[in-house]
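Undergrad: Attaching a predicted model along with its sequence, questions to come.
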Amino acid sequence: MPAHPQTIRAAHDLIGRVQELERELTVAHRREAAVAEILRVINRSPSDIQPVLDAVARNAARLCDTEDASIFRRDSDQLVIVAHHGPMRQGPIGEFSIPIIKGTVNGRAVLEARTLQIADLQSEGKEYPEGSEIARKWGHRAILAVPLLREGVAIGSIGLRRTNPQLFTDAQVALLETFADQAVIVIENARLFEEVQARNRDLTALGEVGRAVSSTLDLKVVLKTIVDRAVELSGTDAGSIFYYRQEAGRFELGETSGLEDEVVTRFRKLDIAAGQTGLGEAIASAKPLQVADIVRRSSNPLRDAAIEAGVRAALIVPLLSAGAPLGALVLQRRQPGEFPPAVVSLMQAFADQSAIALENARLFNEIAQKSRDLEIASQHKSQFVANMSHELRTPLAAMLGYAELLRDGMFGELPDKSISIIECVQANGKHLLDLINTVIDISKIESGQFKLNLGEYSLGSMVETVRMATESLASAKKISIRTDAVKGLPYGLGDEPRLTQVLLNLVGNAIKFTDAGEVCISAATKNGSFVVSVSDTGPGIAHAEHDRIFDKFHQVDSTSTRTKGGTGLGLAIAKEIIEMHGGRIWVESIVGRGSTFRMEFPVRAQPAGEVG
């Protein structure tokens, strides 16, 4: 029985679909192989960019069915060829360049930061005059150019050329854009690798100098280390550190490196007046001074002695502390010429270390004496604060009691206006009492008398209690407050009043700083610990403040905080309480998107001195 025509068509369609899928699978395999090859090259030479760019160009040409592929890197107003595959190379790698102008397809792709393709560039003389001329010279017709974009800015381009006037397919365009992304990653990685290598060298040297500065107060040892490493890293012939005697307006030689003994002896004997030298000029300007050729400077004793010693160029970096001049770091070369910007920047860092060393020696005795004075003052302060807080709390509590009796009519009925005044006195008195209690807590923490009273508690009940206690505050600001506590939370062991104090502080702060939206309290368990968070939809906290916000007396914004009220002590006490429970507290926040304060502490806190 012959097959039905519809069955035959279906079979043919199926065969066609299978063949199409096989072609797509073959292309996909080729793409995967190309990507794998590029990754292998990257792994073999993570710091050598050329083999990777060559592999990108080669695979781009092969997979996009074209004769020629080029990769250009932006250098000022030129596109310099850095990799090429095919017969149409226009010049040596790293040397040949084309201007970044709209008259070339690659130039316009870079200027407009978008992909461009032309079916027949030879016929586009009006739109692309320079590009059309190049196309006629080299014989290509179709061209596809994709910019290499880093954070939206073109750092180069990758281009494909064909001798037949035919547009590239959408799939080929997408593939070349993928290759462009890989080329950007390679170029960026190489750039970052070089920066990191250079930075590591600088940091190693600065670390050595830093250790020298912090390990001893012997100025000779520290400054000798600085000047030796400065000469080594800058590739100069010699270096010196000069002290500045401000009261006399004179410089005198300190430590040196690379100078012969007789030169050092001569320098030490010189009377170097600040107003006559490059040293004084650098000090006066408070910035590094480059002397490309000291022969061209006006004559003075130091300059003349340096010339006799064979010095032709110098870099003078002033040593400053709080704007006051301490001296100068001087690097000397026997060949004239400017110093590279990277060397100037690094020597500025060395000069900063030298200034630190000079200041350390001067400040050490002052700091030691001040530390002793501060220790005594701190003891007196803690005792005074504790005594005064107790002395204030007793009469304040009595005043609040009398106000309560007056409001309740114990001494006769009061008019409504008087009652409102009494309630205002009570509110402000309670606020003052809270402040006094907070100060007492801080005093106890500082004196080591802050203790926990452990007992069983229900975290779920605590969360609900805090919600009810703060609900009226939230309602007054027309924001909602909700809870998200996991059901069946285990009973905890800890100081329930103190933990409640922490949660009340966090929720109170969230309500205080939130003008619209909601505050949410959540509670759960994780690996034997309670996990509690308080989230709000307030203004958020800058990342730089995330750690400092828990410091005593620290407020994120003194202006806005003053309008909201607060002492800057609540979070410091909260941190102490949570840490005494064996936990931690931190904040996660993005400015404009609200804040979330998170706490993790053991379900069963251990008494002080016990080890789990």
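TA: Happy to help now that I have it. Numbering: from 1, shown residues only.
Undergrad: E600 pairs with what?
TA: Per DSSP bridges, the residues bridged to E600 are V531, R584.
Undergrad: Quick one: residues contacting it.
TA: 526, 529-532, 583-584 (C-beta atoms under 8 Å, 6 or more residues apart in numbering). From N, CA and C alone the C-beta is placed, and that goes for glycine too.
Undergrad: Can I get these in JSON lines including neighbour count, pLDDT and distance to K417?
TA: Output for the contacts of E600, formatted as JSON lines (neighbours: other C-beta atoms under 10 Å; pLDDT from 0 to 100; distance: C-beta to C-beta, whole Å):
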{"residue": "K526", "neighbour count": "9", "pLDDT": "93", "distance to K417": "55"}
{"residue": "S529", "neighbour count": "19", "pLDDT": "94", "distance to K417": "53"}
{"residue": "F530", "neighbour count": "23", "pLDDT": "95", "distance to K417": "48"}
{"residue": "V531", "neighbour count": "16", "pLDDT": "95", "distance to K417": "50"}
{"residue": "V532", "neighbour count": "25", "pLDDT": "95", "distance to K417": "44"}
{"residue": "G583", "neighbour count": "20", "pLDDT": "93", "distance to K417": "49"}
{"residue": "R584", "neighbour count": "13", "pLDDT": "94", "distance to K417": "50"}
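Undergrad: could those residues be laid out in a markdown table, adding distance to R108?
TA: Compiled in a markdown table, those are given as follows (distance: C-beta to C-beta, whole Å):
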| residue | distance to R108 |
| --- | --- |
| K526 | 56 |
| S529 | 60 |
| F530 | 61 |
| V531 | 56 |
| V532 | 58 |
| G583 | 60 |
| R584 | 56 |
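Undergrad: Let me know the closest of these to E496.
TA: F530 (12.3 Å; C-beta to C-beta).
Undergrad: just checking, the closest one touches S522?
TA: No - in this structure, F530 is not within contact of S522 by C-beta atoms under 8 Å, at 10.9 Å.
Undergrad: buried stuff in stretch 115-134?
TA: By neighbour count on 16 or more other C-beta atoms under 10 Å, the buried set for stretch 115-134 is 115-118, 120-122, 124, 128, 130-132, 134.
Undergrad: Most widely separated two among the residues you listed?
TA: Every pair of the buried residues of stretch 115-134 checked by C-beta to C-beta; the farthest is T115 and Q122, at 20.6 Å.
Undergrad: What ranges does the stretch 401-550 of the chain have for its strands?
TA: Counting by DSSP state E, counting those that start in this stretch, one finds strands in the stretch 401-550 of the chain at the ranges 455-458, 480-485, 491-494, 518-526, 529-536.
Undergrad: Of all those strands, which one comes closest to V317?
TA: strand 529-536 (49.1 Å).
Undergrad: Run through who's touching that closest one.
TA: Contacts to strand 529-536, defined as C-beta under 8 Å, 6+ apart, come from residues 459, 463, 489, 492, 503, 506-507, 510-511, 513-514, 517-525, 583, 594-603.
Undergrad: Also stretch 283-293?
TA: Here stretch 283-293 makes contact (C-beta under 8 Å, 6+ apart) with 244, 274, 278, 281-282, 297, 312-318, 320, 323, 325, 328, 336-339, 344, 347-348.
Undergrad: Among those residues, which lie within strands?
TA: Taking DSSP state E, the ones among the contacts of stretch 283-293 that sit in strands are 244, 313-318, 320, 325, 328.
Undergrad: if you skip the residues just before and after it, what's nearest to V222?
TA: Excluding the flanking residues, the one nearest V222 by C-beta to C-beta, 6 or more residues apart in numbering is A357, at 4.2 Å.
Undergrad: Repeat that for T537.
TA: Nearest non-adjacent residue to T537, counting by C-beta to C-beta, 6+ apart: G517, 2.9 Å away.
Undergrad: residue contacts, E67?
TA: Applying C-beta under 8 Å, 6+ apart, we find E67 in contact with 61, 86-88, 140, 161-163.
Undergrad: Please produce JSON lines containing those residues, extended by pLDDT and secondary structure.
TA: Output for these, formatted as JSON lines (pLDDT from 0 to 100; DSSP: H, G, I helix; E, B strand; the rest coil):
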{"residue": "A61", "pLDDT": "88", "secondary structure": "helix"}
{"residue": "G86", "pLDDT": "90", "secondary structure": "coil"}
{"residue": "P87", "pLDDT": "88", "secondary structure": "coil"}
{"residue": "M88", "pLDDT": "85", "secondary structure": "coil"}
{"residue": "H140", "pLDDT": "93", "secondary structure": "coil"}
{"residue": "R161", "pLDDT": "94", "secondary structure": "strand"}
{"residue": "R162", "pLDDT": "93", "secondary structure": "strand"}
{"residue": "T163", "pLDDT": "92", "secondary structure": "coil"}
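Undergrad: I would like a ChimeraX command selecting only the buried ones among the residues you listed, please.
TA: Remark: buried members of those, expressed as a ChimeraX selection using 16+ other C-beta under 10 Å:
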select :61,86,88,140,161,162,163
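Undergrad: Of the contacts of E67, just say which sits nearest to K370.
TA: Nearest to K370 among those: A61, at 71.6 Å, using C-beta to C-beta.
Undergrad: check contacts around that closest one.
TA: 67-69, 85-86, 160.
Undergrad: Would you check which pair of those residues lies furthest apart?
TA: Using C-beta to C-beta, the pair of these lying farthest apart is H85 and L160, separated by 10.0 Å.
Undergrad: Are there residues contacting both of these two? Which ones?
TA: Common neighbours of H85 and L160 are listed as 60-61, 68-69 (criterion: C-beta under 8 Å, 6+ apart).
Undergrad: Compare those residues and tell me which is most surrounded.
TA: In terms of neighbour count, A60 stands highest of the shared contacts of H85 and L160 at 30 neighbours, by other C-beta atoms under 10 Å.
Undergrad: Verify the stated contact: that one with A69.
TA: Yes - contact status for A60 versus A69: in contact at 4.5 Å, counting by C-beta under 8 Å.
Undergrad: pLDDT weak spots in the stretch 151-300 of the chain?
TA: Across the stretch 151-300 of the chain, the ranges flagged by pLDDT under 70 are 195-203, 205-206, 208-210, 212-217.
Undergrad: List the contacts of G103.
TA: If you count contacts by C-beta under 8 Å, 6+ apart, G103 has them with 128-131.
Undergrad: can you do 10 Å?
TA: By C-beta atoms under 10 Å, 6 or more residues apart in numbering, the residues touching G103 are 125, 127-134.
Undergrad: Which pair of those residues spans the longest distance?
TA: Greatest spatial distance among the contacts of G103 (C-beta to C-beta): E127 and I134, at 13.8 Å.
Undergrad: any common contacting residues for the two?
TA: Contacts common to E127 and I134, judged by C-beta under 10 Å, 6+ apart, are 103, 105, 121.
Undergrad: Return the residues in contact with the last one.
TA: When the contact criterion is C-beta under 10 Å, 6+ apart, the partners of L121 are 104-105, 127-128, 131-136, 140-143, 161-162, 165.
Undergrad: Now, the residues you listed that are in strands?
TA: Counting by DSSP E, the contacts of L121 place 142-143, 161-162 in strands.
Undergrad: so G254 sits right up against I241, yeah?
TA: Yes - if you go by C-beta atoms under 10 Å, G254 and I241 touch, sitting 4.3 Å apart.
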